[in-house]
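Participant: got a sequence here, can you build the structure:
(4 chains)
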Protein chains: 4
Amino acid sequence: MKIGMVGLGRMGGNMARRLRRGGIEVVAWNRSFEVTEALARETGAQAAASFEQLLAALPAPRVVWLMLPAGQATDEAIERLAALATPGDLIVDGANGYYRDAIRHAKALAARGLEFIDCGVSGGIWGLGNGYCLMFGGEPEAAARVIPYMRVLAPTPDTGWLHCGPVGAGHFTKMIHNGIEYGMMQALAEGFALLEAKSEFGLNLAAIAELWRHGSVVRSWLLDLTAQALAEDQQLADIAPYVPDSGEGRWTALEAVEQGVPTPVMTMALMMRFATQGRNDFPARLLAMMRKGFGGHAVKTGGEK
Amino acid sequence: MKIGMVGLGRMGGNMARRLRRGGIEVVAWNRSFEVTEALARETGAQAAASFEQLLAALPAPRVVWLMLPAGQATDEAIERLAALATPGDLIVDGANGYYRDAIRHAKALAARGLEFIDCGVSGGIWGLGNGYCLMFGGEPEAAARVIPYMRVLAPTPDTGWLHCGPVGAGHFTKMIHNGIEYGMMQALAEGFALLEAKSEFGLNLAAIAELWRHGSVVRSWLLDLTAQALAEDQQLADIAPYVPDSGEGRWTALEAVEQGVPTPVMTMALMMRFATQGRNDFPARLLAMMRKGFGGHAVKTGGEK
Amino acid sequence: MKIGMVGLGRMGGNMARRLRRGGIEVVAWNRSFEVTEALARETGAQAAASFEQLLAALPAPRVVWLMLPAGQATDEAIERLAALATPGDLIVDGANGYYRDAIRHAKALAARGLEFIDCGVSGGIWGLGNGYCLMFGGEPEAAARVIPYMRVLAPTPDTGWLHCGPVGAGHFTKMIHNGIEYGMMQALAEGFALLEAKSEFGLNLAAIAELWRHGSVVRSWLLDLTAQALAEDQQLADIAPYVPDSGEGRWTALEAVEQGVPTPVMTMALMMRFATQGRNDFPARLLAMMRKGFGGHAVKTGGEK
Amino acid sequence: MKIGMVGLGRMGGNMARRLRRGGIEVVAWNRSFEVTEALARETGAQAAASFEQLLAALPAPRVVWLMLPAGQATDEAIERLAALATPGDLIVDGANGYYRDAIRHAKALAARGLEFIDCGVSGGIWGLGNGYCLMFGGEPEAAARVIPYMRVLAPTPDTGWLHCGPVGAGHFTKMIHNGIEYGMMQALAEGFALLEAKSEFGLNLAAIAELWRHGSVVRSWLLDLTAQALAEDQQLADIAPYVPDSGEGRWTALEAVEQGVPTPVMTMALMMRFATQGRNDFPARLLAMMRKGFGGHAVKTGGEK
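Facilitator: Okay, here's the model as predicted:
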């Protein structure tokens, strides 16, 4: 078995490593060729300096797995690969891409006789050791072709991967997964904030996080990570109160609105991230002015809190 | 008709003025006697330097209206007045007080033969000219005694005041009023934030606010104030994005939880104010650390955004 | 001045009436010709049985105002009119349409030499008497051509209409207006629900709504309507607890997510409507099962509450 | 080691069993003596028919653990035990009690020379096999006296219990734990609702829940339970969409408001439960009437959806 791996960042690099450890032949490509060479040296993967080299090194019909940033980078790579590929080749998009883009990609590729699988990959930087949780969509025959690789990437050959449904179903399932993740993270963050604020009890947040890992209802991997973070530092005073958000979180919120399903937890978790990004400042300023308007309440000036 | 007015701040001072304009005799007291004297000179009210003087200047059975900050200041004033008053005297608490405190005050005063009215007062600094919206609770006989003053304070003698129910019903009704106010303010602030962020349309926020005042579904006094604020400055760049909250907003949220009634709008409006006060910083820091934990995502340091 | 009015429903019919009262000549069309004839008889408008007749009855360059349901009905009407129109004709879309559709329509029409104005119309069934609040987008010359009609439709000639910006800016501004409306409505509904639930005070909701109309901070047109509804019936026992939502509310929520602006109040107001539509039933069932799973808590069966 | 166990319901009964399996002598009491006798037969615990018998069977200074419903039942039991106990006796309250009640109990007991520990117990019906997660508050000496029992109840002797701080800190920590639980549960429920609604993908919810248990970021005990529930039935058609809430969830929401910490996820999770209990019906009816008021929109009647 031989696969092309395009994109050797935090996710793609480790997935290539895990594939190699599982005895899979890997032809690797990365925007920066130094990274490709380093991975090749480390793992015995074959380094490709171009998409042409990558495809030439793979037996047809080929399987090429993309682990690039969703959006433009992935779009461009798919387009360029499609132009070089031969009918029967199969592209797996493992990015956190929008499921509607997956459907679009599949259509464009099918017109050239190419196959497509959209695969959501969970597990983060721990996936190398633990295995990845893989949820993918595509035609049954295409799915059958990628399952051997899924078995190696997953925590064990039979768990950790699922052919969810037609093209789009993989990225859709991953999108919802991440929406749940946003909600769970926010739930934990709120809880620890209430513990932290209760100064009269002098609570040890790290000890409580560790405690809850054992037998409590909220035990979870996100709690494990929280416990680790708090064990190192429970003041977090040097950490900026700034939380980025990503496409997945936003798409889940859009999906809920389009479906007409109430998702207050997922959506508020996302919006609280927006607030950390300074996007609540304008409404706050306007509220301050309204209060001044009706009640003569003083307003802080200077533009900063 | 003669009434004692205790507390001559933004609200109490203007209410004394409006009572005087309506031909009511007013005996006024303020923590700072200079303020009392100034009001007396301006309005012909009688200045009292102490609660003793205040009570001595009023014919029994007396009516004394408190416009002090809710909580300790009001509690102490009620206690001191109660000690000096004579049976049949009536105290009106016009502060934004908790309705449960009103019930407590009424009980303590009744034990001394004193009457109590809890009155919510809306209208802010505009009440002097426009009249105040007054919602009060108390026994029917006590209510009857204060209605003549309500008629002068209200926008017109027959509108703008309501005997809502027993003691507590006045402050309760005002509390809910303010909860609604929080929600409406936040709705407006969010809407203008979305207009402001849509830079490609180059929208004139002040003009839109003014427009909506005429015939739109969202026309409202809060919109009038918003339009005024935006007419002066629609960048708001010098205003700090900081919004205080008050007892009323919090009590409404507590009431909803205790009643088991879903109030997402009122409660989220309150919590967004908390966020402007820096109370979302700890959870945000923890979220940043969790993201680092599972995905290796970079974390901003320095403790500030 | 002469204008074509397409769609004579609750909004379009009354707008035609108001234009006629203002001395504007109107050529009217409606899907059901009986409605057209009735309006013609009532108002002296000219009845058109087809788009061809409508255009033939208007002097070129024409102005045709559409008041059709947003989406397919409007799309089709624009397409058919475009095929029949002559360069220089101008179409106003007064529906609650998506601003992105307005931009699309304008492009398609411009390719045929036709002009386009997207106009948000607020004021509901009260607009006939009160005048409408009109917010429109388009090229300056196109805007200049429709202002004479706006002056008649608005509450007074100089207020109640605004040329907000380029094409799209009108429907965008109306979309945000409706988002605010959702938030304000929900704030009022929550507040009255808390008053209603406080049975120990025996509050008269109708009287409180009426009271707040006079001098309170929350006075607003939506409160006026609430007071009217409660004056007729404050139990509402025969009303189904079901609240439809519309495109505007959803698009506002999508916009907030796409812009990355926190809008908890607008978005929760929308989602509470989803919940009234039975869209919270599946998550509720799953929560019941989870509670059973960890705590052995009993679950109600039968599928209904 | 010998302990009294008061209340042999789902939690208390299993805790008595686990203590017995760990070699602890247990004197048991339950409101219904039949339950006590059955447990005694099963586990070799000693059955007490009254609090007097219970105390008589324990060596002074005694340790008595209460597992009764929080509130009145616990209050009454503490009062009655206090009247019968002798100085030095220690009461553990293991209910989901309010931490402010714990502080009140401790004070009342201290006045009689009695000790008090408030202990939050997590793990539900699975605790018998898995062990319980125990978080308790109290004076250090009192804590030292109960640790031997904690070691038996916990998953392993050294994990799963924590002396969190002074009296109140145990129930407080458990309260926050449950607040997080509400948020996590709602996040999962929302996610699966979005999967369920996406009919075009024909997703297998049970398979996805099972998948996510392996290597995903959202893996958690609540997901394990969700997977079990969905494996049995993923339509849930026979389950009523009704979710009770409990004191813990409400107290967490109150705490957030009192602390001024934004907790949108925990609080919305609670409020969505309120909505399932029919508590959103009045606001929904009023919204329907407002829509009719301004837009003439039809209203469903009949009082039901």
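Participant: contacts and neighbour counts: CA atoms only from here.
Facilitator: Fine.
Participant: list the contacts for the residue at minimal distance from the centre of chain A?
Facilitator: For chain A, the residue whose C-alpha lies nearest the mean C-alpha position (C-alpha atoms, centre = their mean) is residue A:96; its distance is 5.0 Å. Shown in contact with residue A:96 (C-alpha atoms under 8 Å, 6 or more residues apart in numbering or on different chains): A:69-70, A:120-121, A:171, A:174-175, A:247-248.
Participant: can you rerun that using 6 Å?
Facilitator: With contacts defined as C-alpha atoms under 6 Å, 6 or more residues apart in numbering or on different chains, the neighbours of residue A:96 are residue A:70.
Participant: which residues are contacting the lengthiest strand in chain A?
Facilitator: Using DSSP state E, we find that the single longest strand of chain A is strand A:115-122. Residues outside strand A:115-122 that contact it (C-alpha under 6 Å, 6+ apart): A:90-94, A:106, A:132-138, A:170-171, A:174, D:216.
Participant: that one pairs with which strands, parallel or anti?
Facilitator: Looking at strand A:115-122 with DSSP bridges, its partner strands are strand A:90-93 (parallel), strand A:133-137 (antiparallel).
Participant: only alpha carbons, please: show that strand as PDB.
Facilitator: C-alpha atoms of strand A:115-122 as PDB (Å, rounded to 0.1, in the frame of the first residue of the first chain):
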ATOM      1  CA  GLU A 115     -12.800  10.100  -6.900                       C
ATOM      2  CA  PHE A 116     -13.100  12.100  -3.700                       C
ATOM      3  CA  ILE A 117     -13.300  11.400   0.000                       C
ATOM      4  CA  ASP A 118     -13.900  14.100   2.600                       C
ATOM      5  CA  CYS A 119     -12.500  13.000   5.900                       C
ATOM      6  CA  GLY A 120     -12.700  14.800   9.200                       C
ATOM      7  CA  VAL A 121      -9.800  14.000  11.400                       C
ATOM      8  CA  SER A 122      -9.900  14.500  15.200                       C
END
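Participant: residue A:88: neighbour count?
Facilitator: Residues within reach of residue A:88, counting by other C-alpha atoms under 10 Å in any protein chain shown, total 16.
Participant: next one: residue A:207
Facilitator: Residues contacting residue A:207 under the criterion other C-alpha under 10 Å number 17.
Participant: ok, now residue A:287?
Facilitator: Counted with other C-alpha under 10 Å, residues neighbouring residue A:287 total 25.
Participant: okay, the angle between the helix or strand where it lies and strand B:115-122?
Facilitator: When elements are defined using DSSP states H and E, residue A:287 is found to belong to helix A:281-295. Note on geometry: by axes from the mean of the first three to the mean of the last three C-alpha atoms, to 10 degrees, helix A:281-295 and strand B:115-122 are set 130 degrees apart in direction.
Participant: how distant is helix A:281-295 from the center of its chain?
Facilitator: Using C-alpha atoms, centre = their mean, to the nearest Å, the distance from the centre of helix A:281-295 to the centre of the chain it belongs to is 38 Å.
Participant: which of the strands paired with strand A:115-122 sits most buried?
Facilitator: Each of the strands paired with strand A:115-122 was assessed for mean neighbour count using mean count of other C-alpha atoms under 10 Å in any protein chain shown. The highest is strand A:133-137, with a mean of 29.
Participant: could you export that strand as PDB, CA atoms only?
Facilitator: Extracted as PDB, the C-alpha positions of strand A:133-137 are listed here (Å, rounded to 0.1, in the frame of the first residue of the first chain):
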ATOM      1  CA  CYS A 133     -10.700   9.600  15.000                       C
ATOM      2  CA  LEU A 134     -11.700   9.600  11.300                       C
ATOM      3  CA  MET A 135     -15.100  10.300   9.900                       C
ATOM      4  CA  PHE A 136     -15.400  10.300   6.100                       C
ATOM      5  CA  GLY A 137     -17.900  10.600   3.300                       C
END
